[in-house]
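Visitor: sequence and predicted structure below; questions after.
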Amino acid sequence: MEEMGHYNVGFGLDGKGVGESDPEVAELLKRELDRQSSTLQLIASENFTSPAVLAAMGSVLTNKYAEGYPRRRYYGGNTVVDEIEELARQRACALFGAEHANVQPHSGANANLAAYMALLEPGDTVLAMRLDQGGHLTHGSPVSITGKTYRFVSYGVNPITEMIDLDQVADLARAEHPKLIVAGATSYPRVIDPRPFREIADEVGAFLMFDAAHPAGLIAGGVHPNPVGLADVVTFTTHKTLRGPRGGAILCRAELAKAVDSAVFPGLQGGPLEHVIAAKAVAFGEASKPDFREYARQVLVNTSYLAQSLAEEGFRLVSGGTENHLMLLDLRSFNADLTGKQAQEALDLAGITCNRNQIPGDPRSPFVTSGLRIGTAAETTAGMKETEMAQIARVISRVLAHPEDRDVLLEVREEVKQLCAKFPPYPTDSPLPGIGQAVSKSLED
Ligand code: DSN
């Protein structure tokens, strides 16, 4: 904590940090900044936003109620907010080549639910990827409102290749006549090509929705195929590879705009979070710049390099490799008794943050698992490249070879700290909102 004392945490418009009025909260913010800066962030769905994105989220827009849409609000005083939301919508459309964007969903789950509300009636049949094969809770899990409201039929991966079984998708589509087919996943290490899904949807007369929550930044960066124009609706989150604020968004053709907008508000949500929408606009602007294309390219290089290095350490890669920002490790090839839960906990103690994950056909429960999901989007933002990926593979292997050896965990933690110190995710020497320097006197006192 000592060395983080020069950070201001939660820097306000008055030039004062949270610490001047609430040292208790400020201390927690400071500890989290310390954790993110001194340990490896390898959760595939996380990233480090820019200081500008943080600043927009910490702005006066949080004060404003704006139910409705630009120029059609239920409350007064929305002239500036209208311009902000319009800018975010236009930037999202330009970035992905879409006809219409809704930037209000508070999350990816809300975006998905809104898309279903726009396209379906309760009880309608939907074909989507099963959670334990790489899908998402909102792709019809029985514990999700989606699974309780619609009739989901699930496809999965081929047990040999561990890649999406398109023959199964086609067979199920022909047999079940879904009104909607969902493409997209949360723990699938391969490119998802929207074209075969479009062909299958056309053959059976279904809508196609592409959940791009994970690859949105890879699509924006031009290294993954763009589903816009092929899928009727594209949903995504703005905080994963896209590197924006925590939230969701929906893209669609103009003819579906009204149905999508009505589903988000008033169907599902109340007042939009305009401070987050401003931050989404900032992130869309950042993602349209040439250096974001370079970032997306480096994410693929880093992930592939890390995966190959981990394979050399004895870990089996689900599907035999990776083509995106994440990989799934089958731990059983390294140590048949090591569970995902034990591995995640040992890595956490050593300063390496990732999440346990079921692998296709996993004999262990979702709470225990036989796999780990590892992603490079965040540490690539911090500037890490192939050399660091090789080092990360070595430390992961060392920890998992000795998950109960406290000395090893402490040694690795120190090595990780030194590595992270070379790649601070945020500048340490400028007074930036949220993370700048040296204003929170009360924290230092
Ligand atoms: N929780 C997200 C992920 O980690 O992929 C999906 O919602």
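Guide: The structure has been received and is ready for your questions. Residues are numbered from 1 along each chain as shown.
Visitor: for the rest of this, base every contact and every neighbour count on C-alpha atoms.
Guide: Fine.
Visitor: what helices or strands is the helix or strand Ala111 falls within leaning on?
Guide: Using DSSP states H and E, the secondary-structure element containing Ala111 is helix 108-119. Counting contacts by 3 or more C-alpha pairs under 8 Å, 6 or more residues apart in numbering; DSSP states H and E, helix 108-119 is packed against strand 207-211, strand 233-237, strand 248-252, helix 257-262.
Visitor: how far is the longest one from where the chain is centred?
Guide: Spelled out, that is helix 257-262. Distance, stretch centre to chain centre, for helix 257-262: 24 Å (C-alpha atoms, centre = their mean, to the nearest Å).
Visitor: please apply the same query to the third one.
Guide: Shown here is strand 248-252, whose average C-alpha point lies 14 Å from the average C-alpha point of the whole chain (C-alpha atoms, centre = their mean).
Visitor: list the helices and strands it packs on?
Guide: strand 100-102, helix 108-119, strand 233-237.
Visitor: give me that answer again for 10 Å
Guide: helix 79-96, strand 100-102, helix 108-119, strand 207-211, strand 233-237, helix 257-262, helix 274-287 (3 or more C-alpha pairs under 10 Å, 6 or more residues apart in numbering; DSSP states H and E).
Visitor: and those as CSV, adding mean neighbour count and distance to Ala52?
Guide: Below are these laid out as CSV (neighbours: other C-alpha atoms under 10 Å; distance: least, C-alpha to C-alpha, whole Å):
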stretch, mean neighbour count, distance to Ala52
helix 79-96, 20, 15
strand 100-102, 25, 22
helix 108-119, 24, 22
strand 207-211, 26, 26
strand 233-237, 30, 18
helix 257-262, 19, 27
helix 274-287, 25, 7
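Visitor: okay if I get those as a markdown table plus mean pLDDT and distance to Ala401?
Guide: Converted to a markdown table, the helices and strands packed on strand 248-252 look like this (pLDDT from 0 to 100; distance: least, C-alpha to C-alpha, whole Å):
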| stretch | mean pLDDT | distance to Ala401 |
| --- | --- | --- |
| helix 79-96 | 98 | 44 |
| strand 100-102 | 99 | 47 |
| helix 108-119 | 98 | 36 |
| strand 207-211 | 98 | 36 |
| strand 233-237 | 98 | 35 |
| helix 257-262 | 98 | 50 |
| helix 274-287 | 98 | 39 |
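Visitor: mind listing what Val169 touches?
Guide: 127-129, 153-157, 175, 181, 196-197, 200-201 (C-alpha atoms under 10 Å, 6 or more residues apart in numbering).
Visitor: shouldn't Val53 be in contact with Arg243?
Guide: Yes - applying C-alpha atoms under 10 Å, one finds Val53 in contact with Arg243, separated by 8.9 Å.
Visitor: all set, thanks.
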